[in-house]
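**Student:** Give me a model of this one.
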Amino acid sequence: MVEILKSTTMTTTEKKQRLNQLLNSHDWHYQRTEDSRVYRRGSEQRAEIMTLVSELKTEGDYLFTKFHRREFPDLY
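**Tutor:** Prediction:
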């Protein structure tokens, strides 16, 4: 199970580091799996990513877009 840290107790720097760590290790194609464990782990991680992106506002959007573009260049 993915450990979801309480982002409310984290500093902005810690949130950025955690988001960067999650984005680097995220399985961007988890939705295509037939394994429910992989899907659940990817979904939980994606939820944590989106929470941090929301909390970090512009900086979070920038980091997310940077990694998303790397994985899905045809969308941009």
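
**Student:** for this protein, longest helix please?
**Tutor:** If you go by DSSP state H, the chain has its longest helix at helix 36-56.

**Student:** Show me what that helix is packed against.
**Tutor:** With contacts taken as 3 or more Cβ pairs under 8 Å, 6 or more residues apart in numbering; DSSP states H and E, helix 36-56 sits against helix 12-25, helix 58-71. (C-beta placed from N, C-alpha, C; glycine too.)

**Student:** and the last one, average pLDDT?
**Tutor:** Confidence over helix 58-71, taken as the mean pLDDT, stands at 96.

**Student:** Check which residues of that helix are buried.
**Tutor:** Gly60, Leu63, Phe64, Phe67 (16 or more other Cβ atoms under 10 Å).

**Student:** Apart from its chain neighbours, what residue comes closest to the second one?
**Tutor:** Spelled out, it's Leu63. Of all residues not flanking Leu63 in the chain, Leu19 sits nearest, at 5.6 Å (Cβ to Cβ, 6 or more residues apart in numbering).

**Student:** count of neighbours near that neighbour?
**Tutor:** 23 (other Cβ atoms under 10 Å).

**Student:** if I pick it, what's in contact with it?
**Tutor:** Residues near Leu19 by Cβ atoms under 8 Å, 6 or more residues apart in numbering: Ile49, Leu52, Val53, Leu56, Gly60, Leu63, Phe64.
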